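Visitor: return a 3D structure for these sequence lines:
(one chain, ligands or ions: 1)
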Amino acid sequence: MTADPYARIAEWYDLLLNPVLDGVRRTVAHVCRAEGLLRVLDACCGTGRQCAVLRGAGVACVGADLSPAMLGAARASPRSLPLLRADARVLPFADGSFDAVVLSLALHEMPEATGNAALAEALRVAPRVLLADYRLAERNLDLPAALFVHLPERLAGAEHYRNFRGFMARGGVEGLAHRAGLTVIRRERLFGGAGALLLAERNSRTA
Ligand SMILES: C[S@@+](CC[C@H](N)C(=O)[O-])C[C@H]1O[C@@H](n2cnc3c(N)ncnc32)[C@H](O)[C@@H]1O
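Guide: Next up, the predicted model:
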């Protein structure tokens, strides 16, 4: 990473986005508890809020992120979380170190090759992944939320928006899981239908 895309927003990120994103974090924690996923890596942890919610729910969570600014915000909070700087494509963990890896609202902002590599690396360090990201509208009811999310994504900058549009053109989070040959074990609706949380694992026939 040459320049940190989160350098300017990191200190405001929680204030602006927690009201919207905390529901996602609670859903991730609920699924981890319900599915017995008790050792989790949040591979694009941002300010560490997801890790804090998981740890509050009794799930041991380690956070990793590439952005020094986001990790700085995470470390400035009084939560005292286990955090490290790492690229999600090259994680410094042995195969199968975790029960699951969370990739939350990060894949849509990556170029396709980066997202594919991050997903493959997540499936190296854990048998299961929790993918929380945007999905295509399935019903007319989903359309207002699906259209609305273009606004924050556009505001996040030209490169971010280009990657988001590419991600959606390839079918969003469901398309990614399908192309990767994953079996979806559980699916939760997010953002009024504009997003989904997928708990998925490698299809044993494609492993
Ligand atoms: C929109 S934020 C989401 C943060 C957090 N998951 C949340 O829900 O608040 C996307 C995060 O992905 C991180 N990220 C992007 N590319 C990454 C990569 N290759 N490796 C690790 N982190 C990455 C960014 O630094 C940023 O913190």
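Visitor: lowest confidence element among the helices and strands of this protein?
Guide: In the chain, the helix or strand scored least confidently by mean pLDDT, DSSP states H and E is helix 143-148, which has a mean of 83.
Visitor: can you show me the CA trace of the very next helix or strand once past that one as CSV?
Guide: Using DSSP states H and E, the next helix or strand after helix 143-148 towards the C-terminus is helix 150-155. Listed next in CSV are the C-alpha coordinates belonging to helix 150-155 (Å, rounded to 0.1, in the frame of the first residue of the first chain):
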residue,chain,number,x,y,z
HIS,A,150,-24.0,3.8,-3.8
LEU,A,151,-24.0,7.1,-1.9
PRO,A,152,-21.4,6.2,0.9
GLU,A,153,-19.5,4.1,-1.6
ARG,A,154,-19.2,7.0,-4.0
LEU,A,155,-18.2,9.3,-1.2
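Visitor: got a list of contacts for helix 150-155?
Guide: Contact with helix 150-155 is made by 108, 160-161, 164, as judged by Cβ atoms under 8 Å, 6 or more residues apart in numbering. All C-beta spots, glycine's among them, are computed from the backbone N, C-alpha and C.
Visitor: and those residues near the ligand, which?
Guide: With Cβ under 6 Å from any ligand atom as the criterion, no member of the contacts of helix 150-155 is in contact with the ligand.
Visitor: got the end-to-end distance for stretch 83-103?
Guide: 15 Å (Cα to Cα, to the nearest Å).
Visitor: for it, which positions count as buried?
Guide: If you call a residue buried by 16 or more other Cβ atoms under 10 Å, then stretch 83-103 has these buried ones: 83, 86-89, 91, 93, 98-103.
Visitor: also near the ligand: which of these, exactly?
Guide: Contacts with the ligand within these, counted by Cβ under 6 Å from any ligand atom: 87-89.
Visitor: I'd like these laid out as TSV, including secondary structure and pLDDT.
Guide: Below are these laid out as TSV (DSSP: H, G, I helix; E, B strand; the rest coil; pLDDT from 0 to 100):
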residue	secondary structure	pLDDT
Asp87	coil	98
Ala88	coil	98
Arg89	coil	98
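Visitor: quick check: of those, which lies closest to the ligand?
Guide: The closest of those to the ligand turns out to be Ala88 (Cβ to the nearest ligand atom; 3.5 Å).
Visitor: OK, contacts around the nearest residue to the closest one once chain neighbours are set aside?
Guide: Using Cβ to Cβ, 6 or more residues apart in numbering and skipping the chain neighbours, the partner closest in space to Ala88 is Ala118 (3.9 Å). Contacts for Ala118 (Cβ under 8 Å, 6+ apart) come out as 43-44, 88-89, 103, 106-107, 110.
Visitor: could the residues you listed go into CSV alongside secondary structure?
Guide: Shown next, in CSV, are those (DSSP: H, G, I helix; E, B strand; the rest coil):
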residue, secondary structure
Ala43, coil
Cys44, coil
Ala88, coil
Arg89, coil
Leu103, strand
Ala106, coil
Leu107, helix
Met110, coil
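Visitor: just the closest of those residues to Met168, please.
Guide: Set against Met168, the nearest of the contacts of Ala118 by Cβ to Cβ is Leu107 (11.3 Å).
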